[in-house]
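A.B. asks: Got a predicted model here, sequence first, then my questions.
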Amino acid sequence: PAPGDAPAAAPGAPPAALTEAEKAAGWRLLFDGRTMTGWRRYKGTGMPSEWAVENGALVLLRGGPDIVFEEPFGDFELTLEWRTPQRGDSGIIYRVVETEAPPWMSGPEMQVASHESSGGIPELFPPARSAAGPPGQWNRVRILAKGPKVEHWLNNGKVCAFEIGDDDWKARVARSKFGSNPRFALSPSGRICLQGQTPRVE
């Protein structure tokens, strides 16, 4: 696989290291469970105080700035786990370029939330089914991006698939808030971004 977060060993137990087999397969850790190395404020430097590491998880303590991983990725496979409290709402945005603001006007966003829209792209592609667990439960994500073709998986099921730039994509974008930005989601590579929206998203 292309660079991405390592496959999670078990729900609620973010991996602190890669096995030799995972390293050989090309996996990389984007979060080591102890530090915020590699992450920084969107369009800035350093990590905002609203984010912290607690019990092996990267936690948004209160609503604050979005954060990005310093290195950009083009084709990738990303796996991670998240959980939210009741009414929690956040997102995983990818191929973000920091010439745009906010980041969701730059790259596609996989919605992270305590409701049935989790896994889809807001306003563009609703998830094919409701796959998120109840508030407080860990959910497993897999995002597979190869060129314009992208798949969103949630809790071991594919919930969303699309091809950036095809006729269906263009029609949906034109009807949405993203249609005002002619550069939306056109970058072949960019940074992975985590939204700083509602508190206690992990």
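C.D. replies: Thanks, I have the structure now.

A.B. asks: When you work out contacts or count neighbours from here on, use the C-alpha atoms and nothing else.
C.D. replies: Will do.

A.B. asks: quick check, Glu77 in a helix?
C.D. replies: No: counting by DSSP: H, G, I helix; E, B strand; the rest coil, Glu77 is not part of a helix but strand.

A.B. asks: Bridging across strands, which residues link to it?
C.D. replies: For Glu77, the beta-bridge partners are Leu144 (DSSP bridges).

A.B. asks: From Lys149, how far off is it?
C.D. replies: 12 Å (CA to CA, to the nearest Å).

A.B. asks: quick one: which of the two has more around it?
C.D. replies: When neighbours are counted by other CA atoms under 10 Å, Glu77 and Lys149 differ, and Glu77 comes out ahead with 21 against 14.

A.B. asks: The nearest residue to Pro108 once chain neighbours are set aside in helix, strand or coil?
C.D. replies: Leaving out its chain neighbours, the residue that sits closest to Pro108 by CA to CA, 6 or more residues apart in numbering is Ile93, at 5.6 Å. Ile93 falls in the strand class when you classify it by three-state DSSP.

A.B. asks: Val53 bridge partners, please.
C.D. replies: Leu58.

A.B. asks: mind listing what it touches?
C.D. replies: Gly33, Arg34, Thr35, Met36, Val59 (CA atoms under 8 Å, 6 or more residues apart in numbering).

A.B. asks: can I get those in CSV with pLDDT?
C.D. replies: Converted to CSV, those look like this (pLDDT from 0 to 100):
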residue, pLDDT
Gly33, 91
Arg34, 91
Thr35, 92
Met36, 94
Val59, 94
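
A.B. asks: what's the pLDDT at Arg200?
C.D. replies: Arg200 is assigned a predicted lDDT (pLDDT) of 91.

A.B. asks: doesn't it fall inside a strand?
C.D. replies: No: counting by three-state DSSP, Arg200 is not part of a strand but coil.

A.B. asks: gap between it and Arg175?
C.D. replies: Distance from Arg200 to Arg175, by CA to CA: 32 Å.

A.B. asks: Next, name the residue at the spatial heart of the protein.
C.D. replies: Ile92 (2.2 Å; CA atoms, centre = their mean).

A.B. asks: Quick one, grab the pLDDT at it.
C.D. replies: 98.

A.B. asks: With Ala24 instead?
C.D. replies: So Ala24 comes in at 89 (pLDDT).
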